[in-house]
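Enquirer: when you get a sec, could you give me coordinates for this:
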Amino acid sequence: MYGRGLVLASCLWISAAAAAPPAVPPAASTAHRLDTPSGLEVVGGAAEVVTYRGRRAVHLAPSAAPGSADKAVVAIVTGADFGDGTIEVDVAGAPRAGAPADSRGFIGVEFRLSESGARGEIVYLRPTNGRADDQLRRNRSVQYESLPDFPWHRLRKESPGVYEAYADLETGAWTSMKIVVSGTTARLYVNGAANPALVVKDLKLGAAQGAVALWSHASTDGYFSNLRVESSSGARPRPGPPPLPRRSASRSTTSRRSSGCRRRGSRRTASRSPSS
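Expert: Numbers count the residues shown, from 1 in each chain. Here you go, the predicted model:
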């Protein structure tokens, strides 16, 4: 009797272990103070470290090459492979001196990018719109676009008001951005707000994987500080214990009972100025 009790307890422990969900390792988190340009691969311009409004920051300057005035400057964070997770960064953007009248200080983050930034998802701010007297401009304070096939102007034409929204922004001031990405959904939180300013539920590249980059338009005087990337997409479930072997149908009822263990059957189941 005592031996049968031990066998029964052992079988119960094995069954519980087999039913337990696989363990998932914690999300990987990387912090960048952005007080040095090292670890950044810059496309379309250059990065320098300066002091801006009381803190050390990376400043992105556009290239002086012909044809670069209507393009973006992208600083790709080396080693940041991102699919799902959270990106947080402080940004400050304003139109550069001598910039066109429709410049808005465009600044933000590109994620899941490849091809040196030519392909990726972008969420950015238009700081000068945040407190404009024109309500239509205010409603376009934050923007989503997806390169190469869904630039902002196409999204605005085909789905007015869906991929842009209002947020209270101050031109040139430090502004915190928090982008939470899961599958084909992204949520943007501005300045620590409890609710998102923008929700995108159909990221155009799908549930992709790629790099993370600081992003600003060539017409923007842009600064970045305190970047943190937390990626949960790299976590893979650890394999659980192997399934218990199936018992032969020819095995006698007496033999099954003598084992003291009974199993339940398992079920298988393009580049254009982001103006306005």
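
Enquirer: the helices in the protein, which residues?
Expert: 2-19, 135-138, 152-158, 253-259 (DSSP state H).

Enquirer: for the closest residue to R137 other than its chain neighbours, which residues are in contact?
Expert: Counting by CB to CB, 6 or more residues apart in numbering, R137 lies nearest to N129, which is 4.5 Å off, once chain neighbours are set aside. Just so you know, the C-beta spots here come from the backbone N, C-alpha and C atoms, and that holds for glycine as well. Applying CB atoms under 8 Å, 6 or more residues apart in numbering, one finds that N129 lies in contact with 104, 137-138, 140-141, 169, 276.

Enquirer: also I107?
Expert: Counting by CB under 8 Å, 6+ apart, I107 touches 91-93, 124-125, 127, 215-217, 220, 222.

Enquirer: can you lay out these as a markdown table showing neighbour count and pLDDT?
Expert: A markdown table is the format used below for these (neighbours: other CB atoms under 10 Å; pLDDT from 0 to 100):
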| residue | neighbour count | pLDDT |
| --- | --- | --- |
| V91 | 27 | 98 |
| A92 | 25 | 98 |
| G93 | 30 | 98 |
| Y124 | 27 | 98 |
| L125 | 29 | 98 |
| P127 | 27 | 98 |
| W215 | 28 | 98 |
| S216 | 29 | 98 |
| H217 | 29 | 97 |
| T220 | 30 | 98 |
| G222 | 30 | 98 |
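
Enquirer: closest one of the residues you listed to V74?
Expert: Closest approach between those and V74, by CB to CB: W215, at 5.6 Å.

Enquirer: was I right to think that closest one contacts L113?
Expert: No: using CB atoms under 8 Å, W215 is not in contact with L113; the gap is 9.0 Å.

Enquirer: tell me how far the residue nearest the centre of the chain lies from V229.
Expert: Closest to where the C-alpha atoms of the chain average out (CA atoms, centre = their mean) is V181, at 4.5 Å. Distance, V181 to V229, using CB to CB, to the nearest Å: 11 Å.

Enquirer: quick one: the strands in the stretch 151-276 of the chain?
Expert: With DSSP state E, counting those that start in this stretch, the ranges of strands along the stretch 151-276 of the chain come out as 164-165, 175-182, 185-190, 198-200, 210-217, 220-231.

Enquirer: distance to S146 added to the ones you listed, as JSON lines?
Expert: Output for these, formatted as JSON lines (distance: least, CB to CB, whole Å):
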{"stretch": "strand 164-165", "distance to S146": "13"}
{"stretch": "strand 175-182", "distance to S146": "13"}
{"stretch": "strand 185-190", "distance to S146": "10"}
{"stretch": "strand 198-200", "distance to S146": "9"}
{"stretch": "strand 210-217", "distance to S146": "12"}
{"stretch": "strand 220-231", "distance to S146": "19"}
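
Enquirer: of all the ones you listed, which one comes closest to A118?
Expert: That would be strand 210-217 among those, by CB to CB, at 11.4 Å.
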